[in-house]
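J.: Predicted model and sequence below, questions to follow.
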Amino acid sequence: MASTPSALALSASSLVVALLILSRALLYSASTCWVKLAFSSAVKWPASSIWASLVDLASSKDLIDALPISMSTYQYWQKQFKYPNEDELELKAVIKGLFNYYEAEYGVRRLSAQVRAYYQLIGKTAPNHKRIQRLMHEMNLKCTKYNQRRRKYDSSKGPNGKKAKNKLNRRFMSNRKYQKTVCDITEFKAYNGQKVYLEVIKDLATKQILTWSIGQSPTLHFALTPLQKLLDQLPYTGYQLTLHTDQGWHYQHHAWRKLLREGHIRQSMSHRAICLDNAACETVFSKPKAEIGQDTSYRSQDELIQAIEEWIHFYNERRIQTKLGNQTPLQYEQNLVA
């Protein structure tokens, strides 16, 4: 018996709905689905629109006959399409709220940790990171601040002094504070073209910025200030501290080496033009340049200096790091001491 056009349309609609239900059941993530029409390009239709139009064409019996599923399974997924998942709507609101709170600076890993911590705080079952990743993708929430190229300051342009060997040799891991530290200088530029320089000394165990200097010119005094602050706060540990830098002229100067000797600090230097030898400090500088916004948006040096100062306190006290078990450097230090 020949099939009538209405029967063919009914069978086709049943097949499309069948595929729609299967994709929803397997992926449980599609807010929209792709329906490929015969011999044509893919057309993107909202899943709710497809369901509404096809339900009018096909009866429940036709849909069940097209799929090896029970009526209860069909009714369950029919309900999923008709009524929004309140738990998922709440989770989306939490994700978007935290994403905006951290000003789009947190990607999937760090934002997942914050979302899970929030759910644990309110006594609810925490969602897994894959679900959070899927919803972030659906809402198009992406951290893109780190995709831009930034200027690098060349501290090698200056008078040559005495170089030291690379004693750290990229062994950046440490479980003791004041055992291994790294130091470097970077450059920012305000809207009016005036430059601001930042030098930090970072502890490799706690990832904390121990001391820093922010100034309008990378003078010798500017470079010596964080080192002098470090000597003033350095406690007795029973082991020697290693301070690693690049081959910038400040770190070859006899005044720098004199302070190191006074503090019984072992000097270590990168090989020339090998930035990976001091990668543990280079990674610090990429963060403020991405997270405080375009440095050229600041109208003056004073505004930019204040923004950098505030970011350093944020980094030490409130910015979680996945390498520290989703803790801030200050929290990790307290737990390390305990």
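T.: That came in fine, so what should we check first? Residues are numbered from 1 along each chain as shown.
J.: use CA for all of it now, contacts and neighbours both
T.: Fine.
J.: Confidence-wise, which helix or strand of this structure is lowest on average?
T.: Lowest by mean pLDDT, DSSP states H and E among the helices and strands of the chain is strand 32-36, with a mean of 35.
J.: thought Glu333 was touching Leu204?
T.: No: contact between Glu333 and Leu204 fails when scored by Cα atoms under 8 Å: they sit 11.2 Å apart.
J.: hey, what's in contact with both of these two?
T.: Lys177 (Cα atoms under 8 Å, 6 or more residues apart in numbering).
J.: between these two, who's got more neighbours?
T.: Using other Cα atoms under 10 Å, the more surrounded residue of Glu333 and Leu204 is Leu204, with 22 against 18.
J.: so what's that one up against?
T.: Counting by Cα under 8 Å, 6+ apart, Leu204 has contacts 172-174, 177, 179-182, 280.
J.: residues near His254, how many?
T.: Counted with other Cα under 10 Å, His254 comes out at 12.
J.: confidence score at the residue lying closest to it once chain neighbours are set aside?
T.: Closest residue to His254 apart from its sequence neighbours, by Cα to Cα, 6 or more residues apart in numbering: Gly161 at 7.3 Å. Note for Gly161: predicted pLDDT of 70.
J.: for Gly161, what are its contacts?
T.: 249, 252-254.
J.: again, but for Lys177
T.: 203-206, 333 are the contacts of Lys177 under Cα under 8 Å, 6+ apart.
J.: and it, helix, strand or coil?
T.: coil (DSSP: H, G, I helix; E, B strand; the rest coil).
J.: Give me the three-state assignment for the residue nearest to His253 when sequence neighbours are not counted.
T.: Sequence neighbours aside, Gly161 is the residue nearest to His253 in space, at 5.5 Å (criterion: Cα to Cα, 6+ apart). With three-state DSSP as the basis, Gly161 sits in coil.
J.: Pull out the buried members of the contacts of Leu204.
T.: Buried residues within those, defined by neighbour count using 16 or more other Cα atoms under 10 Å: 172, 177, 179-182, 280.
J.: which stretches of the stretch 151-300 of the chain form strands?
T.: 180-189, 195-203, 209-215, 242-245, 266-269 (DSSP state E, counting those that start in this stretch).
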